[in-house]
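**Q** just the structure for this:
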Amino acid sequence: MELNEVKEQPINQAAAGQFLNPITPAQSSDSMQEVDDASCSTCSGAAASTSVSFVYALGRIEARFPNLAVEKEFAQATARADTTGKTDQQTFYSVLSQPQNRYLIRQLCWVLSIQGLET
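**A** Down below sits the predicted model:
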């Protein structure tokens, strides 16, 4: 009898073909000064003494069309673009990266999926 061994391998970003940069909040001396000077009426200025914690999540961001009108607008923009020989994802990127189609990006709904679960 032969045993099948299952080895779990961590998913690393290079193996998945995607290079992700961590998103960190911009901190300047001006914005930090505003936080220090501000006092909260509910916590008596304790906001300056609390530490900031971050949540890091690895996943995939997918676009969804909120209604049929936006989907039809995207279809019209796709018809105007040169998409021969491109995959669906390449077409999606090339159409939305054009400056005249930026309005579509603002109208789409963006969903973060972590291990197949929409969060």
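**Q** right, and the helix or strand after the helix or strand hosting S113?
**A** Per DSSP states H and E, S113 falls inside strand 109-114. Next in sequence after strand 109-114, counting helices and strands by DSSP H and E, comes strand 117-118.
**Q** I'd say V95 and T78 touch.
**A** Yes: using C-beta atoms under 8 Å, V95 is in contact with T78, at 5.2 Å. To be clear about C-beta, it is placed using only N, CA and C from the backbone, and glycine gets the same treatment.
**Q** more neighbours, the two?
**A** Legend: neighbour count by other C-beta atoms under 10 Å for V95 and T78, higher for V95 (21 against 15).
**Q** okay, and that one sits in which element?
**A** Assigned by DSSP H and E, V95 belongs to helix 88-96.
**Q** mind giving me the packing neighbours of the helix or strand just after that helix?
**A** Downstream of helix 88-96, the next assigned helix or strand under DSSP H and E is helix 102-107. Under the contact definition 3 or more C-beta pairs under 8 Å, 6 or more residues apart in numbering; DSSP states H and E, helix 102-107 sits against helix 68-80, helix 88-96.
**Q** for those, which one sits closest to I114?
**A** I114 sits nearest to helix 88-96 of all the helices and strands packed on helix 102-107, at 19.1 Å, using C-beta to C-beta.
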